[in-house]
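Chemist: A predicted structure for the sequence below; I have some questions about it.
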Amino acid sequence: QQQVKQSPQSLIVQKGGISIINCAYENTAFDYFPWYQQFPGKGPALLIAIRPDVSEKKEGRFTISFNKSAKQFSLHIMDSQPGDSATYFCAATNSGGYQKVTFGTGTKLQVIP
Amino acid sequence: NAGVMQNPRHLVRRRGQEARLRCSPMKGHSHVYWYRQLPEEGLKFMVYLQKENIIDESGMPKERFSAEFPKEGPSILRIQQVVRGDSAAYFCASSLAGATYNEQFFGPGTRLTVL
């Protein structure tokens, strides 16, 4: 089943706090897990991505944690800022020769001052 | 330094009309992907094209929908005889090559409203 489940649907975090978004997948053929950030009226933009051979990847305030055995991965946004307010999508794809991306349902993040 | 261009940005059609959505990939990109986003949902893959070829159309409805990416000009997603359920945001993305780890760059989307 080509599904990626994402939670929560919405999230409100105080400025400076940690935002955590969780995803789970079923298809063990998935081997690349990108996260996208989407602002209203815009297309998604790649934020950070991870391959299953590592358990964590950090880029600035954004960290992906990956648990291959549980088929789960999560995005942590440290020191959340109002400018981080956006919708975040986890996604997954497999090395089938091209990047057919399966998206989660999205998390609408609001960071309040 | 233009990114992926899509037009129109907003399109209103009445039931039964045709909708044509255009996508110009980034310069040098020859791979195009179309996705559909229903309200409050994630993006769903529709079709993957290379120049003059449809590689994977497994996510595209068999009827009324078609896509092309001609040798010259933009990629076109065509919806015939639109129905209210076609109302959605349609995004295209392009990549430099088709391999998995090549980033897809998304356009701003076309928001289709069917009255």
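Modeler: In hand now; what should we look at?

Chemist: Go ahead and confirm B:Ser66 touches B:Arg78.
Modeler: Yes. Using CB atoms under 8 Å, B:Ser66 is in contact with B:Arg78, at 4.9 Å. (Glycine included, C-beta is placed from N, CA and C.)

Chemist: Tell me which residue lies nearest the centroid of chain B.
Modeler: Nearest residue to the geometric centre of chain B (CA atoms, centre = their mean): B:Trp34, 3.5 Å.

Chemist: In terms of helices and strands, where is that residue?
Modeler: Element membership for B:Trp34, per DSSP states H and E: strand B:31-37.

Chemist: Please pull up the helix or strand immediately following that strand.
Modeler: For strand B:31-37, the following helix or strand on the C-terminal side (DSSP H and E) is strand B:43-50.

Chemist: Remind me what that following strand packs against, helices and strands.
Modeler: Applying 3 or more CB pairs under 8 Å, 6 or more residues apart in numbering or on different chains; DSSP states H and E, one finds that strand B:43-50 makes contact with strand A:102-103, strand B:31-37, strand B:53-56, strand B:65-68, strand B:75-79.

Chemist: Can you add mean pLDDT and give those strands back as a markdown table?
Modeler: What follows is the helices and strands packed on strand B:43-50, written out as a markdown table (pLDDT from 0 to 100):
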| stretch | mean pLDDT |
| --- | --- |
| strand A:102-103 | 92 |
| strand B:31-37 | 94 |
| strand B:53-56 | 92 |
| strand B:65-68 | 97 |
| strand B:75-79 | 98 |
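
Chemist: Of those strands, which stretch is the most buried?
Modeler: Comparing the helices and strands packed on strand B:43-50 by mean neighbour count (mean count of other CB atoms under 10 Å in any protein chain shown), strand B:31-37 ranks first with a mean of 24.

Chemist: That one near chain A at all?
Modeler: Yes. Counting by CB under 8 Å from any CB of the partner chain, chain A is contacted by strand B:31-37 at B:His31, B:Tyr33, B:Tyr35.

Chemist: Which residue, neighbours along the chain excluded, lies closest to B:Arg14?
Modeler: Excluding the flanking residues, the one nearest B:Arg14 by CB to CB, 6 or more residues apart in numbering or on different chains is B:Leu115, at 5.1 Å.
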